[in-house]
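Enquirer: predicted model follows, preceded by the sequence.
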Amino acid sequence: MSRPAPVAVTTVTTSARDARTPEPPWPFTGRADELELVRRSLAAGRSGMVVTGPAGRGKTRLVTEAARGTDCVRVAGTPDTRGVPFAAFAPVLPETVTLHRAVRLLSGARLLLVDDAHLLDDASAALVHQLAVQGRTRLLVVATEGAPVPRAVSRLWTGELLPRLALGPLPREETAQLLTAGAGCALDPLTAGRLHRLCRGDLRLLRELLTAVRERGLLTPVAGTDVRAWRGPVPVTPAVRERAAHLLDRARPEDRETLDRLAFAEPLSLGPDTLDVRTLERLETEGLVRVDDDGAIRLAHPLHGPVLRAAAGRLRARRLTGAPDRCGPALAAETSALNRRIERADVRDSWAPVGEWLVAEGVPVPAGDAAVRARFARLRGRLREAAAWAREGLRQDAEDPRCLTELALAAAQSGEATVTGGPRRAGAVDARPPERGTGTGPSRPGPAGTGDRGGAVAAWTAAVRGDLDGAVRAAGDGDPYDAVRLGAPERAAGRLTGVFAAHADALARGDGPALDRVAGELERRGFLLFAAEAHAQAVRAHRDPRAARTARTRAVALARRCEGARTPALSALVLGELTARQRQIVTLAATGLSNRQIAERLTLSVRTVGNHLYGAYTRLGAGDRGALPWLVDLPETRPA
């Protein structure tokens, strides 16, 4: 029996220089851990991977980036060809082919990338499954969660033929980086947080909204900074309206009335007696509203309220908005709740919709409320967000000492010697204690950051100048926990309680494992920057090199979530176990040289430089070269 003649298989080389593969408008940003997992699945002896997630999550972009530089066959399912056998493989297979022959023809391909696998026809799905069973061809398969998937495709992971990566939402910090790349300028943290919240991980919606905001000129400069902010209604573009059509085009008038009333009262809790219960039950069944544990009724998706408000006419909006001061009591209650969380030393992520909604709509927030939000964000390690809230407060009162203090502390712990966006320098903030009850003045030892704020500003201003001795002296007169963070626990003896006292004790004893345990508790409570610093201090305290490497990895991972924090403890992080060549290339990259410039200086190829940097990023826990200046513990690479 004669063997069929071989059929040539079309391959696609995914290269940065491949003119047939246009680069997307935004660069690939974030997803370092996921990218590493997918790339490992393509290594020798591996069979590949299935990547799943909701639509718009960035699955295709991830696998495309992972396959960049390799020869692969790329196919995709389409909704209109499900009834056509082998439709997805039409570009690479002859017109008439059996499953057996198709398997033989594709068995020589090194890598097969199957996009939109949930749309495959049955024959194509069976072919992908048989290739996985055969094991000669590595497979990257992308499928959308929530959509019907051919059984042959779902059996790839349920039958353990391929590992599965369920792609989660892009984290807030990485979303901010992506938005900066897409906007061509830095966005203020409140704007980035708003877009992240509205899109819930849908990167296509994120791009649509940012494009509309930018093209309509809604990004305005923030005074005294190099960032831009978006305030005001959500632009109801055709794409946004299409996503909200199930809300805007309700057949039942009572449904739309209920949704609109919720949209205009969304910062406030409404009891079921104020709305028609049957209508609410129907909307809840459809997943449009939700009821929290306290009985408050809210719209289910963060985008729904802004779209409904933006689509309402002026008269309807005036009727539904009600009294201008209706948000005052709710805002005060929310601020009090945040203060109580700080006093309990628990700053885990807490949704504060009233303040966030007011800022998004361009409504002024009182300086006292803004200062508490700034402090809460700073204690969480979100330094840029803290500075943004402080500036919101200074818009109402340019001399408010609480907002000036929070702005100065956020700037100093970000490594900035001066404060922009306020009328004073970081070291010249009014140190008079605020009124008691605000949660920003002196209080009993316990929650970190509750000591004298003037002393705290002086300490961190000295630290950013490089005067560590002066910083420690100032910390001893101010917040005792600052002395611990600056490496002088003896200055805090007997002045702290709880986990902060445990941190001081572990550091004084040079107990690496105890410092790691303290870091874990701080992270659990939401103090991400403090946890990163404790792990960084543990690196030097550990006697076991493996434990030191683990502590360093954890410190770097947490520091990446702290919006560019540059404190003495984090500056002490070292390069880790890099090869000599990686160390050389990372050092040059940290000074700002591009890959091409490094390649020319070291007489290497650009690709070799990129590979070394990628390996270094993995070991350092860095997402990109932006983190290198403060991760690299070398004089020539430290930020000024």
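Expert: Cool, the structure landed. Numbers count the residues shown, from 1 in each chain.
Enquirer: Ser350 in helix, strand or coil?
Expert: Following DSSP: H, G, I helix; E, B strand; the rest coil, Ser350 is assigned to coil.
Enquirer: separation between Thr405 and Leu522?
Expert: Going from Thr405 to Leu522 by Cβ to Cβ, to the nearest Å gives 22 Å. All C-beta spots, glycine's among them, are computed from the backbone N, C-alpha and C.
Enquirer: stretch 68-87: end-to-end distance?
Expert: 25 Å (Cα to Cα, to the nearest Å).
Enquirer: got any ranges where the protein has weak pLDDT?
Expert: 1-25, 266-274, 294, 322-326, 417-453, 572, 574-578, 580, 618-640 (pLDDT under 70).
Enquirer: and the strands in it?
Expert: Using DSSP state E, the strands of the chain run over 12-13, 48-53, 71-76, 111-115, 138-144, 164-166, 186-187, 219-221, 227-230, 289-291, 297-299.
Enquirer: contacts only, for Pro150.
Expert: Counting by Cβ atoms under 8 Å, 6 or more residues apart in numbering, Pro150 makes contact with 117-118, 120, 122, 125.
Enquirer: and Ala536, what is it in contact with?
Expert: Ala536 neighbours (Cβ under 8 Å, 6+ apart): 551-552, 555, 559, 569-570, 572-573.
Enquirer: could you redo the last one with a cut-off of 7 Å?
Expert: With contact taken as Cβ atoms under 7 Å, 6 or more residues apart in numbering, Ala536 is in contact with 555, 569-570, 572-573.
Enquirer: buried subset of those?
Expert: With burial judged by 16 or more other Cβ atoms under 10 Å, the buried subset of the contacts of Ala536 is 555, 569-570, 573.
Enquirer: any idea which of the residues you listed is closest to Gly135?
Expert: Nearest to Gly135 among these: Ala555, at 40.1 Å, using Cβ to Cβ.
Enquirer: in space, what's closest to that closest one - neighbours in sequence excluded?
Expert: With sequence-adjacent residues excluded and distances taken as Cβ to Cβ, 6 or more residues apart in numbering, Ala555 is closest to His535, at 3.7 Å.
Enquirer: what's the answer for Ala536, then?
Expert: Leaving out its chain neighbours, the residue that sits closest to Ala536 by Cβ to Cβ, 6+ apart is Ala555, at 4.2 Å.
Enquirer: dump the buried ones among the contacts of Ala536 to JSON lines, plus distance to Pro545.
Expert: As requested, these are exported to JSON lines (distance: Cβ to Cβ, whole Å):
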{"residue": "Ala555", "distance to Pro545": "15"}
{"residue": "Ala569", "distance to Pro545": "20"}
{"residue": "Leu570", "distance to Pro545": "20"}
{"residue": "Leu573", "distance to Pro545": "15"}
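Enquirer: quick check: which of the strands of the chain is nearest to Glu281?
Expert: Comparing the strands of the chain by Cβ to Cβ, strand 289-291 comes nearest, at 9.4 Å.
Enquirer: chain center to the closest one, what's the gap?
Expert: 26 Å (Cα atoms, centre = their mean, to the nearest Å).
Enquirer: that strand: partners in the sheet, and parallel or antiparallel?
Expert: Looking at strand 289-291 with DSSP bridges, its partner strands are strand 297-299 (antiparallel).
Enquirer: what does the partner strand contact?
Expert: Contacts with strand 297-299, where a contact means Cβ under 7 Å, 6+ apart, come from 262-263, 266, 270, 280, 288-292, 305.
Enquirer: let's have those residues in CSV, adding distance to Leu247.
Expert: Shown next, in CSV, are the contacts of strand 297-299 (distance: Cβ to Cβ, whole Å):
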residue, distance to Leu247
Leu262, 11
Ala263, 9
Glu266, 13
Leu270, 18
Leu280, 15
Leu288, 7
Val289, 11
Arg290, 14
Val291, 18
Asp292, 20
Gly305, 10
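Enquirer: which one of those residues sits closest to Cys185?
Expert: Gly305 (27.3 Å).
Enquirer: I'd assumed Ala263 was in contact with that closest one.
Expert: Yes: at 4.3 Å, Gly305 counts as touching Ala263 under the criterion of Cβ atoms under 7 Å.
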